[in-house]
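>>> Provided below are the primary sequence and the corresponding predicted coordinates.
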Amino acid sequence: MSQSDAKEKVRAAIENSNYLWRTASGIATDSGLALETVMEVLEQADGFLEAQRKNPRGKALYTTRDKYYSDAPWTRRLLDAMTNTVGI
């Protein structure tokens, strides 16, 4: 599978989710890709964001730039920008 195909599967898994933030293992399950492939895409491809905070189990959280801007309330985006908690 090409890197662009993997990127599209990761993007679709995030965009089609009811949740704004997803763990890499959740994305891997929904996309049908190996966790290593998902991590590679999230770390290397443009358009993905990692939250500065972790989930309650200590796992990193990811979303796409598009989903963040469309689903996060403007107040959340403002607070994130002021506190630099999302790498925008």
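Received it, and whenever you're ready, just let me know what you need.

>>> quick one: the helices in the chain?
3-15, 24-31, 35-44, 65-71, 74-83 (DSSP state H).

>>> Could you dump those into TSV and include distance to residue 53 and mean neighbour count?
All C-beta atoms are positioned from the backbone trio N, CA, C, and that covers glycine. Shown next, in TSV, are the helices of the chain (distance: least, Cβ to Cβ, whole Å; neighbours: other Cβ atoms under 10 Å):
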stretch	distance to residue 53	mean neighbour count
helix 3-15	17	17
helix 24-31	15	18
helix 35-44	16	16
helix 65-71	14	15
helix 74-83	10	11
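
>>> quick one, which of these is nearest to residue 58?
Closest approach to residue 58 among those is made by helix 24-31 (12.3 Å; Cβ to Cβ).

>>> What are the contacting residues of that closest one?
With contact meaning Cβ atoms under 8 Å, 6 or more residues apart in numbering, helix 24-31 is reached by 9-10, 12-14, 16-17, 22, 33-35, 37-39, 42, 59-60, 62.

>>> buried stuff in the lengthiest strand in the chain?
If you go by DSSP state E, the chain has its longest strand at strand 48-54. Within strand 48-54, the residues that qualify as buried are 48-51, counting by 16 or more other Cβ atoms under 10 Å.

>>> Could you check the angle that strand makes with helix 35-44?
Between the axes of strand 48-54 and helix 35-44, defined by axes from the mean of the first three to the mean of the last three Cα atoms, to 10 degrees, the angle is 100 degrees.

>>> Dump strand 48-54 to PDB, restricted to CA.
Presented in PDB, the C-alpha positions along strand 48-54 are these (Å, rounded to 0.1, in the frame of the first residue of the first chain):
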ATOM      1  CA  PHE A  48      -2.800  16.000  11.300                       C
ATOM      2  CA  LEU A  49      -2.700  17.500  14.800                       C
ATOM      3  CA  GLU A  50      -1.600  16.000  18.100                       C
ATOM      4  CA  ALA A  51      -3.100  17.300  21.300                       C
ATOM      5  CA  GLN A  52      -0.700  18.400  24.000                       C
ATOM      6  CA  ARG A  53      -2.800  16.500  26.600                       C
ATOM      7  CA  LYS A  54      -3.200  12.800  26.700                       C
END
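
>>> That one packs against which elements?
Contacts defined by 3 or more Cβ pairs under 8 Å, 6 or more residues apart in numbering; DSSP states H and E place strand 48-54 against helix 35-44, strand 60-64, helix 65-71.
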